[in-house]
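S.K.: got a predicted structure here, sequence first:
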Amino acid sequence: MKQTLLIIDAQQDLIEGNKEEQGVYEKEKLVNNLNAVIEKAINEGISVVFIRDIDVSNGEGPGFQIHRDIRVPSTAIIFDKAATNCFYGTPLHQHLRENDVNHIVMMGCKTEHCIDSAVRTATINHFDVTLVGDGHSTSDSKNLSAKQIILHHNEILHGHYNVDNFSIVRNADEELFNPLHDHYREASSPTNV
């Protein structure tokens, strides 16, 4: 099984906030969990891909860059995107296919936008996804707190499937690169339903 760690929009101004946007919920915990999972990926020989949103800080300067406290591996690949969905208008899908990836461990920002769309698009495109439940974050909306948004998405994306491929939610301290998706496939097969 070929895997990759996909980190979406873990950018300085998005995490910390700026004059226009508030920072994300539990940002220190997010950065610590990102670094812990990056280290696991490196130790297991798993590739790391970062996505940056060009809308953050108008695509320039320190605010646009990956957060200063995230330890970016020298081998990491970085793609920039213009849309919410990191598969749209980027070479991400082609890169994953060329490298025979079939399992994506996903982390980053913001939960209800870029993370949600990436998880769903990945399963549609025949990738299994492990969303790191304590490895994505957002800020408060007009109606919900960031904590509520995160908990809601962890609930609805755990076991989400598009016939053959699943997303499951696990935490940063688990064996993320030892996927459990076959268990969910077996449980939902037509003979077991």
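M.R.: Structure's in. What do you need?

S.K.: what's the span of stretch 122-139 from first residue to last?
M.R.: Using CA to CA, to the nearest Å, the span of stretch 122-139 from its first residue to its last is 24 Å.

S.K.: what average pLDDT does that stretch get?
M.R.: Over the span of stretch 122-139, the pLDDT mean works out to 97.

S.K.: what about the lengthiest helix in the chain, average pLDDT?
M.R.: Ranked by residue count under DSSP state H, the longest helix found in the chain is helix 27-43. Averaged over helix 27-43, pLDDT sits at 98.

S.K.: next structured bit after it?
M.R.: Proceeding N to C from helix 27-43, the next assigned helix or strand is strand 47-53, under DSSP states H and E.

S.K.: just the angle between that following strand and helix 27-43, please?
M.R.: 140 degrees (axes from the mean of the first three to the mean of the last three CA atoms, to 10 degrees).

S.K.: how about the strands in this structure?
M.R.: Using DSSP state E, the strands found in the chain span residues 2-8, 47-53, 77-81, 101-109, 128-137, 160-162, 165-170.

S.K.: remind me what the longest helix of the chain packs against, helices and strands.
M.R.: strand 2-8, helix 12-16, strand 47-53, strand 101-109, strand 128-137 (3 or more CB pairs under 8 Å, 6 or more residues apart in numbering; DSSP states H and E). Glycine gets a C-beta too; all of them are placed from N, C-alpha and C.

S.K.: tell me which of the ones you listed is the most buried.
M.R.: Mean neighbour counts were taken over those using mean count of other CB atoms under 10 Å, and the top value, a mean of 26, falls to strand 128-137.

S.K.: starting at the chain centroid, how far to that strand?
M.R.: 6 Å (CA atoms, centre = their mean, to the nearest Å).

S.K.: for stretch 116-134, same thing?
M.R.: 8 Å.

S.K.: start and end of that stretch, how far apart?
M.R.: End-to-end for stretch 116-134, by CA to CA: 14 Å.

S.K.: what lies in contact with it?
M.R.: With contact meaning CB atoms under 8 Å, 6 or more residues apart in numbering, stretch 116-134 is reached by 6, 8, 29, 33, 37, 84-87, 93, 96, 101-107, 115, 150, 153-154, 157-158, 160-162, 164-172, 176, 179, 181.

S.K.: with stretch 159-166 instead?
M.R.: With CB under 8 Å, 6+ apart as the criterion, stretch 159-166 contacts 119-120, 122-124, 126-129, 167-168, 181, 184-185, 188.
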